[in-house]
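Peer 1: fold the following, please.
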Amino acid sequence: MLLTLSLLVEEEHIYLQGEHESLHRDLMVMFGKWEFDPMELVPPSLPMVHIWQGCEDGIVPASLQKYISQRLGWIKYHEVPEGGHFLNVIPGFDDHLLKTLLLQAAAFIRL
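Peer 2: A predicted model of the protein is given here:
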């Protein structure tokens with residue numbers, strides 16, 4: 001419950017600098033020049049990396065996330081059919097995400 005409340009409070013802060021500035025920064029990250037090639041990342045020694053992608057995301061295309069997870073096989077791709085850019089506003093999503101990560105961590109510790 002505390003996690004859910006903190007996510008909702010954080011959502012209010014997303015646009016403190018204005019919606020235009022927030023989207024501008026997202027676009028700079030998406031289309032700007034990076035100091036490294038993300039496709040050359042090496043698998044982490046810890047459990048798998050996860051990407052949850054909303055199919056209705058109007059900012060980050062699902063096809064991009066699918067491509068990245070297919071190229072980097074150690075990334076687990078989760079598609080959220082009716083989700084948008086802010087998945088944490090979906091009721092119960094944060095619990096689902098946390099449960100997935102905790103179960104994976106527990107399995108990793110048992111190894």
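Peer 1: now the strands for this structure?
Peer 2: Along the chain, counting by DSSP state E, strands occupy 49-54, 75-80.
Peer 1: and among those, the most buried is which?
Peer 2: Highest mean neighbour count among those (mean count of other Cβ atoms under 10 Å): strand 49-54, with a mean of 17. Glycine gets a C-beta too; all of them are placed from N, C-alpha and C.
Peer 1: counting residues, which helix of the chain comes out longest?
Peer 2: Longest among the helix segments of the chain by residue count, using DSSP state H, is helix 93-110.
Peer 1: what comes up buried for that one?
Peer 2: Residues Phe93, Asp94, Leu97 are the ones in helix 93-110 that count as buried (16 or more other Cβ atoms under 10 Å).
Peer 1: dump the strands of the chain to CSV, plus distance to Pro61.
Peer 2: Below are the strands of the chain laid out as CSV (distance: least, Cβ to Cβ, whole Å):
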stretch, distance to Pro61
strand 49-54, 9
strand 75-80, 12
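Peer 1: between those, which gets nearest to Phe86?
Peer 2: For Phe86, the closest of these is strand 49-54, at 8.1 Å, according to Cβ to Cβ.
Peer 1: what packs against the closest one?
Peer 2: Applying 3 or more Cβ pairs under 8 Å, 6 or more residues apart in numbering; DSSP states H and E, one finds that strand 49-54 makes contact with helix 62-71, strand 75-80, helix 93-110.
Peer 1: what's the burial count for Leu64?
Peer 2: Counted by other Cβ atoms under 10 Å, the residues lying close to Leu64 total 12.
Peer 1: just Gly84 next, same as before
Peer 2: Around Gly84 there are 15 residues (other Cβ under 10 Å).
Peer 1: can you name the residues that contact His24?
Peer 2: Residues counted as contacts of His24 (Cβ atoms under 8 Å, 6 or more residues apart in numbering): none.
Peer 1: which stretches of this protein have low pLDDT?
Peer 2: Scanning the chain for pLDDT under 70 picks out 1-15, 18, 46-47, 110-111.
Peer 1: report the contact partners of the closest residue to Gly83 other than its chain neighbours.
Peer 2: Computed as Cβ to Cβ, 6 or more residues apart in numbering, the closest residue to Gly83 that is not its neighbour in sequence is Gly54, at 2.9 Å. By Cβ under 8 Å, 6+ apart, the residues touching Gly54 are Ala62, Val80, Glu82, Gly83, Gly84, His85, Leu87.
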